[in-house]
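Visitor: I'd like to go over a predicted model; first the sequence, then the structure.
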Amino acid sequence: MGVIHKIGRRKCAVARVYVTEGTGKITVNKKEFATYFPTATLQYKVLQPMSMTENVNNFDVKVNVYGGGSTGQAEAVRMALARVMCEVGEGNRAILKPEGLLTRDPRMVERKKFGQKKARKRFQFSKR
């Protein structure tokens, strides 16, 4: 097996993942995985496709991610890793698909409208 390259997206975040056979080392933007995603929730999201397919210690992962916030980036990495796991094993798709890890989440931030305070919130109206 050579290098498998996949892309995952979420909101404005884009993650490019390069996976090779190895010992389970994960680097994100040339930093250690645990330092880039410090909270346990984000680490769980990133490792979810690999733990569900029982491949946590079988592959080395190199990630380039940009755009969006930390949650969007973690979910973009999760989607890219889920796509890689589908390419690695035949039965992995049946495990990941019901959990929704292969579906691109289309929700984006709604734009602010002219004459309003935010996207949906209006300015306060008073009758004085």
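Guide: That came through, no problem. Numbers count the residues shown, from 1 in each chain.
Visitor: residues in contact with residue 6?
Guide: The contact partners of residue 6, by CB atoms under 8 Å, 6 or more residues apart in numbering, come to 16-17, 19, 80-81, 83-84, 87. For the C-beta atoms, the positions are set from N, CA and C on the backbone; glycine is no exception.
Visitor: Let's see that with 7 Å instead.
Guide: Applying CB atoms under 7 Å, 6 or more residues apart in numbering, we find residue 6 in contact with 17, 80, 83-84.
Visitor: Repeat that for residue 15.
Guide: Here residue 15 is in contact with 7-8, 63, 65, 73, 76-77, 80 (CB under 7 Å, 6+ apart).
Visitor: again with residue 35
Guide: Residue 35 touches nothing, counting by CB under 7 Å, 6+ apart.
Visitor: I figured residue 113 was touching residue 122, is that so?
Guide: No - at 9.4 Å, residue 113 and residue 122 do not qualify as touching, with contact defined as CB atoms under 7 Å.
Visitor: Cross the contacts of residue 15 against strands and list the overlap.
Guide: Under the assignment DSSP state E, these contribute 7-8, 63, 65 to strands.
Visitor: Drop anything exposed from those residues.
Guide: 8, 63, 65 (16 or more other CB atoms under 10 Å).
Visitor: Tell me the spacing between the second one and residue 106.
Guide: Residue 63 sits 22 Å away from residue 106, taking CB to CB, to the nearest Å as the criterion.
Visitor: the strands in this protein, which residues?
Guide: Going by DSSP E, the chain shows strands at 4-10, 13-21, 26-28, 31-32, 59-66.
Visitor: for the record, mean pLDDT for the third one?
Guide: Confidence for strand 26-28, expressed as mean pLDDT, is 94.
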